[in-house]
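Trainee: sharing a model that was predicted from the sequence below.
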There are 2 protein chains.
Amino acid sequence: MFNKTEENAVRYRRAQSVTKAEEITEKEKKARKSQLDKPCHKPRDSLFSWSSEFTNFTGLVNWGFLMLTIGGLRLCLENFLKYGIRVNPFEWFIVLTGHNEGYSHQYPSVILLIFSVVPAVTCLLIEKAIAVEILSQKLGVSLQIINMVSEISLPVIILYFKGTQFSFVGITTVCTIYLVLFLKLWSYCQTNHWCRLGMKGKQYKNTLRRQSLSAPNWKTLEDEKHDFVSAGLVKYPDNLTLKDLFYFLLAPTLCYELNFPRTTRIRKRFLIKRIIEVVFGVNLVMALFQQWMIPSVRNAVDPFSEMGIVKMTERLLKLAVPNHLIWLCFFYLSFHSFLNLMGELLHFADRNFYSDWWNANNISVFWSSWNMPVHLWAVRHVYIPMTEIGYTKGSASIVVFFISAFFHEYLVSVPLQMFRVWAFLGMMAQPPLSVISRVVEKKLGARWGNIIVWSSLILGQPLAIMMYYHDYALAHFAPQQ
Amino acid sequence: MFNKTEENAVRYRRAQSVTKAEEITEKEKKARKSQLDKPCHKPRDSLFSWSSEFTNFTGLVNWGFLMLTIGGLRLCLENFLKYGIRVNPFEWFIVLTGHNEGYSHQYPSVILLIFSVVPAVTCLLIEKAIAVEILSQKLGVSLQIINMVSEISLPVIILYFKGTQFSFVGITTVCTIYLVLFLKLWSYCQTNHWCRLGMKGKQYKNTLRRQSLSAPNWKTLEDEKHDFVSAGLVKYPDNLTLKDLFYFLLAPTLCYELNFPRTTRIRKRFLIKRIIEVVFGVNLVMALFQQWMIPSVRNAVDPFSEMGIVKMTERLLKLAVPNHLIWLCFFYLSFHSFLNLMGELLHFADRNFYSDWWNANNISVFWSSWNMPVHLWAVRHVYIPMTEIGYTKGSASIVVFFISAFFHEYLVSVPLQMFRVWAFLGMMAQPPLSVISRVVEKKLGARWGNIIVWSSLILGQPLAIMMYYHDYALAHFAPQQ
């Protein structure tokens, strides 16, 4: 046995010579091997220590989704225990047809929907009249503008006089359809206008060419038409038919063109899947709405008018979850299932109805990728034409933005019959949010930019809904003073 | 203008010749370019369609974690609104010291904790007596076994006679410490036993060698000791000191060896971080317990005794979330913060307290990676010795498993003073679950194996807790009939 001081001296020497914990001398290793106590420890760091440089946490992604599933399942059960089963498809049927509260047997929403054919046909007639030169270019365009403005104003006017005969869902549907029709007619008129201008330009050039005879391979208009026909393409003004117009009105796009890309056949399995999705999805959204959304919104209005900040936040977060899920269902249902269904039925080949907005790293990217038909329309019919006639890109963006904000307000305020500015303000909050998300993206990386996008989506909508419902409840249910 | 039938014929020809939607002929492309209507559509699939082959959904991971955060935040607010602030550190102090319900001023838990020194010192004295051959090997080992059995039985016996003087937390702490001490003493005795056996073997070999003189580079025991000393290593029986024993008892490991790997210095920043984590973490766990766990468990017992399946599931899921979060906090706190703190203070270099169990793809991997000190102990002191004396690997695993199940039951049943089998059954459910998770891993891939592991972790614990609380409440609060 060697004595204590010697042992300590050895320990001290080791402590001096070994700079890293892992550095065991060769001699020590050899000595350890000959030890009888079966050593099982070796110097190493814990995985959570930075020095371990361990970074594999893929299991936590599974954990996250499992916790979400469990949370969602519990919310469902809690909801059923609290409210019972509130889903009632028959009630929805009444709400949807506008057959509301025994007021009327006239189904005003349905009548308005059918009436939407009139402005469409009027638009075609005016175009035809311009094409065959019954109307002058100027007068025709003015008539088209009058037609479109009266088309978009119609629901507002009818609602003003006969508001009590409409259900909320009925008038929302009418407003949506009338707005879509407005955008489509705008595109239709503008595209036809481009064709007329272009043909005049060509005729003029042709005349010049024919006079000079210097161009070696000039084409007459007749030659060009032959090319088109052999490629199966329609040329202005042959497109001005009722069939062509209705194809465009039904097609899943807002941008008119004379020759849409077409598919050669209807894929039956694809079609059946989309039909099932639409049928199932509509019921799912309605069920979620009745079972989850309406009770949450009703619960929300009390604390909101009392304005307790904690209770308010709790209600907002509670509302955020069903609202967001319904929005996701609605998105998939409208933009994937329904538009693809229409596309398949109509042999319409361009299915670019949405881009990958779920990966958007800032809010501008989100807005230009979640609703491609509107985005495409805004770029083709507002942004590019404005920049071509000399406006800057910035001012063109702002105009696109204001038009978008106006239509959001139209879709919310008209059905609610409350001209509040919450939806408009919500849209107006997007440019500063966009700047913030860009800064975040640059400073903290793409992941945090994406998180900002999702947050604004998850929290912004229920905030606006609560604002509207609060005002709506105040206007309709407040005690008379 | 060409007539209608011609146009149709062209369309028909196109439909015949083009097999894929994307296949636009060169001629058509050329014709399209010369079109005046600014075409903006091209044939393409929606991103959600299988045919698009789009797979980038990384944004959804951010979405998942954001939804979790929002859900968690809402749960917190709801909890505060429902129960008010229940966190009361003073109450915890009373509970922890065993100064419970005004029964006693004797702090029985603290006395028992201090008394734990006695079996430890007894163990050292017996080892010393064997080493200097006052006691025979056989008698010594028997005495050690008696010492250890009485050590582990002590809390049970005390509790049987003086049960009312203990708080639940106090007795749980006592049981945990006594169990850890038991495992450490087992390791201490067995390791010293190996050393004795090994030295006898070496002495015998040495004698043989000295007699034969044939081995060219044989070493005397003195030579070997010299090697050890120059490497700074302690050799049996020099290790049998009070200082060495207490170092082992405090060190963050259950496996004794004569020369633990050591660090050369205490990293101050590391130490401060761990101290802050321990102080903050203990308070966090206590706060979560008082604020979230206790109300949930109390709420759970009613529906559980009435056994309504929907309500029961809802309560189980509700309990699962706080229980799981507390378990995660507890894990980090104990296995990272506390054990690293002890390791740093004691210059103990092996910080392998946990492996990456969060990535475990089946339940066996989880059990062998979440608690490395116990895993290492079981392998070194039960599994390997058993296989060495001829048992099969299978039977050695089963024995390890039963010992583990027994100690789980010990840690739960003794403090609750209820000898139910729920914890034992929970452990017994692990081998079949392990088989299931292996099958799932093979059939559905690693991700689903990992999900099974997490599910059993998130749902299994609250199920056992509810079982125990149910029985506990029945025994203590049930109306007398």
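Mentor: Cool, the structure landed.
Trainee: list the residues that contact the spatially closest residue to A:Phe80 that is not a sequence neighbour.
Mentor: Once flanking residues are discounted, A:Phe80 sits nearest to B:Val310: 7.1 Å by C-beta to C-beta, 6 or more residues apart in numbering or on different chains. Heads up, the C-betas are built off the backbone N, CA and C, glycines and all. By C-beta atoms under 8 Å, 6 or more residues apart in numbering or on different chains, the contact set of B:Val310 is A:77, A:80-81.
Trainee: just the buried ones from the residues you listed?
Mentor: A:Leu77 (16 or more other C-beta atoms under 10 Å in any protein chain shown).
Trainee: in the stretch 51-200 of chain A, which residue sits closest to chain B?
Mentor: A:Gly198 (3.3 Å; C-beta to the nearest C-beta).
Trainee: so which helix or strand takes in that residue?
Mentor: helix A:168-212 (DSSP states H and E).
Trainee: now that helix: how far from the chain's centre is it?
Mentor: In terms of C-alpha atoms, centre = their mean, to the nearest Å, the centre of helix A:168-212 is set 25 Å apart from its chain centre.
Trainee: equivalent analysis for stretch A:80-93, please.
Mentor: Relative to the centre of its chain, stretch A:80-93 is centred 28 Å away, using C-alpha atoms, centre = their mean.
Trainee: and that stretch, what's buried?
Mentor: Buried-residue list, stretch A:80-93, by 16+ other C-beta under 10 Å: A:Trp92.
Trainee: quick one: mean pLDDT for that stretch?
Mentor: The average pLDDT within stretch A:80-93 is 76.
Trainee: cool, and stretch A:260-269?
Mentor: Rounded mean pLDDT across stretch A:260-269 is 91.
Trainee: ok, stretch A:383-394 next?
Mentor: Per-residue pLDDT over stretch A:383-394 has a mean of 92.
Trainee: which other helices and strands does whichever helix or strand A:Val279 is part of contact?
Mentor: For A:Val279, the element it lies in under DSSP H and E is helix A:268-288. If contacts are counted by 3 or more C-beta pairs under 8 Å, 6 or more residues apart in numbering or on different chains; DSSP states H and E, helix A:268-288 sits against helix A:89-97, helix A:309-331, helix A:339-345.
Trainee: state the pLDDT value of the residue nearest to A:Phe80.
Mentor: 79.
Trainee: so who does A:Gly59 touch?
Mentor: Per C-beta under 8 Å, 6+ apart, neighbours of A:Gly59: B:356, B:358-360, B:450, B:454.
Trainee: mind redoing it with 6 Å?
Mentor: B:358-359, B:450 (C-beta atoms under 6 Å, 6 or more residues apart in numbering or on different chains).
Trainee: thinking again about what came up before, angle of the helix holding A:Gly198 against helix A:268-288?
Mentor: Orientation check (axes from the mean of the first three to the mean of the last three C-alpha atoms, to 10 degrees): helix A:168-212 against helix A:268-288 gives 140 degrees.
Trainee: for A:Thr191, grab the count of nearby residues.
Mentor: Here the number of neighbours of A:Thr191 (other C-beta atoms under 10 Å in any protein chain shown) works out to 23.
Trainee: re earlier: can you say which of the helices and strands packed on helix A:268-288 is packed in most?
Mentor: Of all those, helix A:339-345 has the most neighbours on average by mean count of other C-beta atoms under 10 Å in any protein chain shown, namely a mean of 20.
Trainee: what is that one packed up against?
Mentor: Helix A:339-345 sits against helix A:268-288, with contacts defined as 3 or more C-beta pairs under 6 Å, 6 or more residues apart in numbering or on different chains; DSSP states H and E.
Trainee: so what touches the helix it packs on?
Mentor: Contacts to helix A:268-288, defined as C-beta under 6 Å, 6+ apart, come from residues A:87, A:92, A:326, A:329-330, A:333, A:337-338, A:340-341, A:344.
Trainee: 7 Å instead, please
Mentor: For helix A:268-288, the external contacting residues (C-beta atoms under 7 Å, 6 or more residues apart in numbering or on different chains) are A:87, A:92, A:322, A:325-326, A:329-330, A:333, A:337-338, A:340-341, A:344.
Trainee: what's near enough to touch A:Ile451?
Mentor: Counting by C-beta under 7 Å, 6+ apart, A:Ile451 touches B:62, B:66.
Trainee: sec struct for it, please.
Mentor: Following DSSP: H, G, I helix; E, B strand; the rest coil, we place A:Ile451 in the helix state.
Trainee: quick check: it vs B:Ser51, distance?
Mentor: Computed as C-beta to C-beta, to the nearest Å, the A:Ile451 to B:Ser51 distance reads 31 Å.
Trainee: please apply the same query to A:Ala378.
Mentor: The gap separating A:Ala378 from B:Ser51 is 28 Å, by C-beta to C-beta.
Trainee: so which of those two has more stuff around it?
Mentor: Neighbours were tallied for A:Ala378 and for B:Ser51 using other C-beta under 10 Å; the higher tally belongs to A:Ala378 (23 against 11).
Trainee: mind listing what's buried in stretch A:125-133?
Mentor: Under 16+ other C-beta under 10 Å, the buried positions of stretch A:125-133 are A:125-131.
Trainee: before we move on, the earlier item: any chance of CSV for the contacts of B:Val310, columns distance to B:Cys175 and secondary structure?
Mentor: Shown next, in CSV, are these (distance: C-beta to C-beta, whole Å; DSSP: H, G, I helix; E, B strand; the rest coil):
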residue, distance to B:Cys175, secondary structure
A:Leu77, 36, helix
A:Phe80, 41, helix
A:Leu81, 38, helix
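Trainee: which one of the contacts of B:Val310 is nearest B:Trp370?
Mentor: Minimum distance to B:Trp370 across the contacts of B:Val310 is 29.7 Å, recorded for A:Leu77 (C-beta to C-beta).
Trainee: that closest one contacts B:Glu314, doesn't it?
Mentor: Yes: contact status for A:Leu77 versus B:Glu314: in contact at 3.9 Å, counting by C-beta atoms under 7 Å.
Trainee: which strand or helix spans the residue nearest to A:Phe248 when sequence neighbours are not counted?
Mentor: Once flanking residues are discounted, A:Phe248 sits nearest to A:Tyr256: 5.4 Å by C-beta to C-beta, 6+ apart. Under DSSP H and E, no helix or strand contains A:Tyr256.
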